[in-house]
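Have a look at this fold, sequence not included:
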């Protein structure tokens, strides 16, 4: 088992998967150089051109640097909001759920560099579902504070 794991790193230059991935970079950078800011259009870089195995590179080709920055910002906002929910929530279960949702979005953020996630409908759908769940939980946690204050007959504070 140790030999197999060691071989993953020592024989990467002869690995066909790694060669396919890095062999696509010149073609990808050619497409990026044609329209670097806004790309060529979302979902227009189809598998007949080349399979990239890197969703971020695909997004860079299709939507340019602006689209990639927006997409990474959207995922980062899901991670950060999940962490904020932990701090804002008064109930322990809400905070734990916020951390779990934050971790699921963070795993998508990392794994999108390792495979072409939008080619797999389940991976793409689950990512956006988790982002929606983070937003819904954040709204529920934020709205519950004034309601709890009313139930305890406390004066409302400005938010």
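Perfect, I can see it now. The shown structure was predicted, so the numbers you read here are calculated from the model rather than taken from an experiment.

quick one: low-confidence ranges for this protein?
For the chain, the stretches with pLDDT under 70 are 8, 12, 15, 17-18, 20, 47-49, 145-159.

Can you tell me the centre-most residue of this structure?
residue 109 (3.3 Å; CA atoms, centre = their mean).

what's the closest non-adjacent residue to that one?
residue 75 (4.6 Å; CB to CB, 6 or more residues apart in numbering). C-beta coordinates here come from the backbone N, C-alpha and C atoms, glycine included.

List the backbone torsions phi and psi for the residue nearest to the centre of the chain.
phi -60, psi -40 (degrees, to the nearest 10).

just checking, it touches residue 72?
Yes: applying CB atoms under 8 Å, one finds residue 109 in contact with residue 72, separated by 7.5 Å.

returning to that earlier point: mind checking how far the residue nearest to the centre of the chain is from residue 65?
18 Å (CB to CB, to the nearest Å).

next one: residue 103
28 Å.

got the buried residues for the lengthiest helix in the chain?
If you go by DSSP state H, the chain has its longest helix at helix 55-88. Across helix 55-88, burial judged by 16 or more other CB atoms under 10 Å covers 55-64, 67-68, 71, 75, 78-79, 81-86, 88.

same for that helix, what does it pack against?
helix 25-34, helix 92-111, helix 121-151 (3 or more CB pairs under 8 Å, 6 or more residues apart in numbering; DSSP states H and E).

Next, format these as JSON lines and append distance to residue 46.
Output for the helices and strands packed on helix 55-88, formatted as JSON lines (distance: least, CB to CB, whole Å):
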{"stretch": "helix 25-34", "distance to residue 46": "12"}
{"stretch": "helix 92-111", "distance to residue 46": "22"}
{"stretch": "helix 121-151", "distance to residue 46": "15"}
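
so of those helices, which one's packed in deepest?
With neighbours taken as mean count of other CB atoms under 10 Å, the helices and strands packed on helix 55-88 reach their highest mean count in helix 92-111, at a mean of 17.

Contacts for it, please.
72, 75-76, 78-87, 89, 117, 123, 126-127, 130-131, 133-134, 137-138, 140-141 (CB atoms under 8 Å, 6 or more residues apart in numbering).

Distance from that helix to the middle of the chain?
Distance of helix 92-111 from its chain centroid, counting by CA atoms, centre = their mean, to the nearest Å, is 11 Å.
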